[in-house]
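**Q** Mind looking at a prediction? Sequence and model below.
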Amino acid sequence: MQFQQLQYFVAVAETRHFTRAAELIHVAQPSLSQQIRALERELGADLFRRARGNITLTDAGEALLPLARRILADADTARHEVQELAQLRSGRVRLGATPSLCTGLLPDVLRAFHDRYPGIRLLIEEGGSHDLVRELARGALDLALVVLPLPTPSPALTTVELLREDLVVVSSPESPAPGGARRRTVRVSDLEGERLVMFRHGYDLRELTVAACRAEGFEPEFAVEGGEMDAVLGFVRAGLGVAVVPRMVATRTGRGLRVTPLARPGLYRTIALAHRSDVAPPRAARELQRMLLER
């Protein structure tokens, strides 16, 4: 099995078209088809069902695809690792993080990293913890900042707890404050009857807030739902309702909002740094990991 054959196989699997795959990887279509047939002969199984105008994966193809993607991703990571210069003057880091962490935690750390290593490219992918875990597993990310506990724990990932972050309630200054205007803190129970601006499904903060309300014996009411962090803060500023957000986000981007802490024991979330257990992150990623852990 040759590395090039796996590249050709993945290209066809993703485009479901031999000609488009050949164009994508800049190779002649007959050469691509020949290599795919050679791979099938070596494996002793057809990888594609070939019908006129319709290319689909066989069971063998479905089994090979995630393995081939991981092999190609690992090879790409190895190539970048080897090409890095000794003083980290070049290279890249592929970092995943939830949108709220991109807003609250990362700007200062990435600025410090960029100042120290200006030649390192920073590739940031925003997503929920579930999506980031999947991208880590298939080799598309070097590191990811995720919220614990993971939605699908995996022994293939190593996680290191980074911090515990308090959550606060944000509201429009023009709207009545949750629990009363003179209250310095808000209890979760004070959110009963409040109209909440809620994040989309799959957002870690949504699950945490809804679970906390149900633990207090009530079902939260939504004024609007489905947004990412910037949209949620904008809707709160407009007076549509209140929201529960991380303290770091409220501190950094909370201009024009009333920020009220939650009374003890409050709510918090645990942030961890994750990477694959079977492959050490590239050198540049390890340096960013060190700076995050020492922040």
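**A** Good, I have the coordinates.

**Q** Identify each buried residue in the longest helix that the chain contains, please.
**A** Across the chain, the longest stretch assigned as helix under DSSP state H is helix 59-83. Neighbour-count burial for helix 59-83, with 16 or more other C-beta atoms under 10 Å as criterion, is recorded at 61, 64-65, 68-73, 77, 80-81. Where you see a C-beta, it was placed from the backbone N, CA and C, and this is true even at glycine.

**Q** quick one: average pLDDT of it?
**A** The pLDDT scores in helix 59-83 average 86.

**Q** One more: stretch 129-139?
**A** Mean per-residue pLDDT for stretch 129-139: 88.

**Q** what residues does that stretch touch?
**A** Outside stretch 129-139, the residues that touch it by C-beta atoms under 8 Å, 6 or more residues apart in numbering are 66, 69-70, 72-74, 76-77, 96-98, 125, 127, 141, 144-147, 150-152, 154, 156-157, 202, 204, 274-276, 279.

**Q** For burial, what's the neighbour tally of E221?
**A** E221 is flanked by 14 other residues according to other C-beta atoms under 10 Å.

**Q** nope, E174 is what I was after
**A** By the criterion of other C-beta under 10 Å, E174 has 9 neighbours.

**Q** do the same with R295
**A** R295 is surrounded by 11 other residues when neighbours are defined as other C-beta under 10 Å.

**Q** Over to L145?
**A** L145 sits with 23 neighbouring residues when counted by other C-beta under 10 Å.

**Q** same check, this time on T209
**A** The burial count for T209: 23, using other C-beta under 10 Å.

**Q** do T185 as well
**A** T185: 14 surrounding residues under other C-beta under 10 Å.

**Q** And for it, nearest residue in space, chain neighbours not counted?
**A** Excluding the flanking residues, the one nearest T185 by C-beta to C-beta, 6 or more residues apart in numbering is A263, at 4.0 Å.

**Q** L136 in helix, strand or coil?
**A** Secondary structure, DSSP: H, G, I helix; E, B strand; the rest coil: L136 is helix.

**Q** re earlier: just the buried residues of helix 59-83 now: which is nearest S171?
**A** Distance to S171 across the buried residues of helix 59-83 (C-beta to C-beta) is lowest for A73, with 44.0 Å.

**Q** Show me the contacts of stretch 129-139 that map onto strands.
**A** Secondary structure assignment by DSSP state E places 96-97, 125, 144-147, 157, 274-276 of the contacts of stretch 129-139 in strands.

**Q** Kindly reformat these as CSV containing distance to M1.
**A** Rendered in CSV, the data for these read as follows (distance: C-beta to C-beta, whole Å):
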residue, distance to M1
G96, 30
A97, 35
E125, 30
A144, 30
L145, 35
V146, 33
V147, 38
L157, 27
A274, 30
H275, 27
R276, 22
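
**Q** From those, list the buried ones, please.
**A** In terms of neighbour count (16+ other C-beta under 10 Å), the buried residues within the ones in strands among the contacts of stretch 129-139 are 96-97, 144-147, 157, 274-276.

**Q** would you turn those residues into JSON lines with pLDDT and distance to L88?
**A** JSON lines is the format used below for these (pLDDT from 0 to 100; distance: C-beta to C-beta, whole Å):
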{"residue": "G96", "pLDDT": "96", "distance to L88": "21"}
{"residue": "A97", "pLDDT": "95", "distance to L88": "21"}
{"residue": "A144", "pLDDT": "96", "distance to L88": "21"}
{"residue": "L145", "pLDDT": "95", "distance to L88": "21"}
{"residue": "V146", "pLDDT": "92", "distance to L88": "25"}
{"residue": "V147", "pLDDT": "90", "distance to L88": "29"}
{"residue": "L157", "pLDDT": "89", "distance to L88": "25"}
{"residue": "A274", "pLDDT": "95", "distance to L88": "22"}
{"residue": "H275", "pLDDT": "94", "distance to L88": "18"}
{"residue": "R276", "pLDDT": "92", "distance to L88": "21"}
